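Trainee: Need a 3D model of the following:
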Amino acid sequence: MLGSYVVQCLAGTGCAVRALVRDETRASWLRPLGAELVRGDVANAEALRDAAAGCDAVFHAAAAIGPEADWDTFRAANVDGTQHVIDACVANGARLLYVSSTAVYGDSRYERAPLDETAVLPDLPQHDAYGRSKQEAERVVMRAHADGVVRAAIVRPPPMYGDRDRQFVPRVARVLTHGFFPLIGGGTTTLPLVHARNVAEGAILAATNRQAEGRIYNLTCDYPLTVADLVRFAARGLEQRVFAPSIPIAAGRVLFRALELALLAVGRRDVSRHTGGTLDMLTKNNPFVEERARRELRWHPSVRHEAGVADAFRWWKAHHRSTNATR
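Mentor: Below you'll find the predicted structure:
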């Protein structure tokens, strides 16, 4: 999803864009934008070097995600794959923009708010393989920059949404289509959620600003969005009536504890570990600070939630059946 928005934004400014894709047929819609498609993946170091030939900058937005993956999978894709991208940049003299994640801050992020780029990253537990892999990938990138091997910058987005979203929007949409979504504590909590196009815009600013080299930027709040806002705008996009009563936070804790036990009962311990984090997201305000990006990069996101959320859920409604059929 993010990579496609990077392509759209770059092509829209007249840049020559080359997109690394695993399936040229599914990515063929990028061609009319002016993108050249090259087949490959981050596990193939030689293919990456060839793909980066002649490029001024490389945007590395690929990653293994999902609670079902183990450490070896995350390490191979997110750490080793990042090293392969660095090697490709070095071989071709290209700058690197690495897309990290607010997962590097760990599950204690709400207890340590407000969090900016100066915060010391915590030692993450063994089961948080994704967060650990993104921390290690950041270290690989920053070490290469400090050693003068590559000119690099890093951006850290939270969960993203937009057209072609296969993570956040589908999960929320499947709940909302039942027509019921209780708002814990009235739904006034602000969410750490940004539109993928806005992240793409910030990534391009970081990649094209020489003063951003060696810097890390939180792209963690384009515009404030509450849980109630999300439900209202999403329902508009889905053309779905959603009953969203307010319930006390204590009742929400009971519901999520029941959900955690149900997941454990069906053998989904990997997913059950995330119920606490989801409850925090719904009941504690966005803990991240993005002032550095606004000040140094002049990041002024173009997509507001009123339109972006509705459009993303509208896109899901129009495409989710065909998308599911191809998996």
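Trainee: what's residue 84 in contact with, if anything?
Mentor: By C-beta atoms under 8 Å, 6 or more residues apart in numbering, residue 84 lies in contact with 42, 43, 44, 45, 48. Where you see a C-beta, it was placed from the backbone N, CA and C, and this is true even at glycine.
Trainee: Okay, and which of those residues map to helices?
Mentor: Among these, the residues falling in helices (DSSP state H) are 45, 48.
Trainee: Compare the contacts of residue 84 and tell me which is most surrounded.
Mentor: residue 48 (25 neighbours; other C-beta atoms under 10 Å).
Trainee: nearest spatial neighbour of that one, skipping sequence neighbours?
Mentor: residue 88 (4.0 Å; C-beta to C-beta, 6 or more residues apart in numbering).
Trainee: quick one: buried residues of the helix or strand where that neighbour lies?
Mentor: For residue 88, the element it lies in under DSSP states H and E is helix 81-92. For helix 81-92, burial by neighbour count (16 or more other C-beta atoms under 10 Å) applies to 81, 82, 84, 85, 86, 87, 88, 89, 92.
Trainee: can I get the CA coordinates of it in PDB?
Mentor: Output in PDB follows, covering the C-alpha atoms of helix 81-92 (Å, rounded to 0.1, in the frame of the first residue of the first chain):
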ATOM      1  CA  GLY A  81      16.500  -7.700   3.400                       C
ATOM      2  CA  THR A  82      17.400  -4.200   4.600                       C
ATOM      3  CA  GLN A  83      21.100  -5.000   4.400                       C
ATOM      4  CA  HIS A  84      20.500  -6.100   0.800                       C
ATOM      5  CA  VAL A  85      18.800  -2.800   0.000                       C
ATOM      6  CA  ILE A  86      21.700  -0.900   1.600                       C
ATOM      7  CA  ASP A  87      24.200  -2.900  -0.500                       C
ATOM      8  CA  ALA A  88      22.100  -2.000  -3.700                       C
ATOM      9  CA  CYS A  89      22.300   1.700  -2.800                       C
ATOM     10  CA  VAL A  90      26.000   1.500  -2.200                       C
ATOM     11  CA  ALA A  91      26.600  -0.200  -5.500                       C
ATOM     12  CA  ASN A  92      24.700   2.500  -7.400                       C
END
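Trainee: next one: it to chain centre, how far?
Mentor: 21 Å (C-alpha atoms, centre = their mean, to the nearest Å).
Trainee: With stretch 283-303 instead?
Mentor: Counting by C-alpha atoms, centre = their mean, stretch 283-303 is centred 14 Å from the centre of its parent chain.
Trainee: likewise stretch 9-19?
Mentor: With C-alpha atoms, centre = their mean, you get 21 Å for stretch 9-19.
Trainee: Quick check: residue 96 is in a strand.
Mentor: Yes. The assignment for residue 96 by DSSP: H, G, I helix; E, B strand; the rest coil puts it in a strand.
Trainee: What confidence value was assigned to it?
Mentor: On pLDDT, residue 96 comes in at 98.
Trainee: Excluding sequence neighbours, find me the nearest residue to it.
Mentor: Counting by C-beta to C-beta, 6+ apart, residue 152 is the residue found nearest to residue 96 once chain neighbours are left out, at 4.2 Å.
Trainee: contacting residues for that neighbour?
Mentor: With C-beta under 8 Å, 6+ apart, residue 152 has these contacts: 86, 89, 95, 96, 97, 98, 141, 142, 144, 145, 213, 214.
Trainee: and what of residue 146?
Mentor: By C-beta under 8 Å, 6+ apart, the residues touching residue 146 are residue 214.
Trainee: What separation is there between it and residue 201?
Mentor: 27 Å (C-beta to C-beta, to the nearest Å).
Trainee: mind listing the helices for this protein?
Mentor: Using DSSP H, helices in the chain cover 2-12, 45-51, 71-74, 81-92, 129-146, 168-176, 196-207, 227-238, 249-265, 269-272, 275-283, 291-296, 305-325.
Trainee: what's the least confident stretch among the ones you listed?
Mentor: helix 269-272 (a mean of 64).
Trainee: that older thread, list just the nearest of the buried residues of helix 81-92 to residue 121.
Mentor: residue 82 (16.2 Å; C-beta to C-beta).
Trainee: wait, doesn't the closest one sit right on residue 140?
Mentor: Yes. At 5.5 Å, residue 82 counts as touching residue 140 under the criterion of C-beta atoms under 8 Å.
Trainee: Which of the contacts of residue 152 sits closest to residue 170?
Mentor: The closest of those to residue 170 turns out to be residue 98 (C-beta to C-beta; 26.1 Å).
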